[in-house]
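Novice: Sequence and predicted structure are below.
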Amino acid sequence: MIPQNSVHVHKVIFLGLVAFCLLLFGTLLIQTTASAQMNDKKVAPKVGDHAPDCSLQDFKGNKFTLSKLTKKNGVLLWFTNLCEGCQSKIYEVQRLESRYEKKGIDVVAVSVLGEDRKTVEDVVRKNEVTFWFLYDPKSEATKRYSGKYIQGTCPLKNIFVIQRRGKITYAGHLPGADPPALEKELNNITGGIEK
């Protein structure tokens, strides 16, 4: 026969072990959840970072992969929702393309309008856009460059200059970016343009 005191001690030890296991399980669950939330929260790239690669199609169905372009001198990458402010800058972006394309700079715009093709196609046609204009229906590339993205809004950093091999050397917002600052960065990459 087991003494009554011994049974009580075993129950206390058993309950203590159960409580410890529950506490340990709860702590692991909280850490796993926090880790998953940190992984979900992406950080927008900044100057000096390597540009996240992306593969998208333009509005004619041609495939575009950023890392293939960064084998040239560089890329001017613009994420736009084509608001009035952005549309007013299309002429400046086309001017940059015409000035720097012979120096190996590609100008690429990415629509941040999700699955809305019509708005972009109308703007491209109306403004006779000649630079790459890419379709990002699931906002995958946009999220890589803006961290968290809310459809229909313009990311805080939406224009990037990316030099050969993919290093970001300029990050700003257009409209609002200073055209001379953009040209200065493009000149730094290309060695300038002939007058």
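Specialist: Done, it's in.
Novice: I'd like the next helix or strand past the lowest-mean-pLDDT helix or strand in the chain.
Specialist: One helix or strand of the chain scores below all others by mean pLDDT, DSSP states H and E: helix 4-40, with a mean of 58. Once the chain leaves helix 4-40, the next helix or strand it forms, by DSSP states H and E, is strand 55-58.
Novice: The helix or strand that that following strand is followed by packs against which elements?
Specialist: Of the helices and strands lying after strand 55-58 in sequence (DSSP H and E), the nearest is strand 63-65. Applying 3 or more Cβ pairs under 8 Å, 6 or more residues apart in numbering; DSSP states H and E, one finds that strand 63-65 makes contact with strand 55-58. From N, CA and C alone the C-beta is placed, and that goes for glycine too.
Novice: and the residue positioned nearest the centre of the chain, which of the three is it?
Specialist: Centroid check for the chain by Cα atoms, centre = their mean gives Tyr145 as the closest residue, at 1.4 Å. Here Tyr145 takes the helix state, with states given by DSSP: H, G, I helix; E, B strand; the rest coil.
Novice: ok, now how distant is it from Arg125?
Specialist: Separation of Tyr145 from Arg125 (Cβ to Cβ, to the nearest Å): 26 Å.
Novice: quick one: low-confidence ranges for the protein?
Specialist: By pLDDT under 70, the low-scoring segments of the chain are 1-10, 12, 15-42, 70-71, 149, 151-152, 193-195.
Novice: Domain-wise, how is it divided?
Specialist: Split into domains by automatic domain parsing, the chain comes to 1-41, 55-190.
Novice: Out of these, which is the most enclosed?
Specialist: Burial of these is given as mean neighbour count (mean count of other Cβ atoms under 10 Å); domain 55-190 ranks first at a mean of 17.
Novice: what's the first-to-last distance across it?
Specialist: 25 Å (Cα to Cα, to the nearest Å).
Novice: and if you look at stretch 69-87?
Specialist: Terminal residues of stretch 69-87 are spaced 25 Å apart (Cα to Cα).
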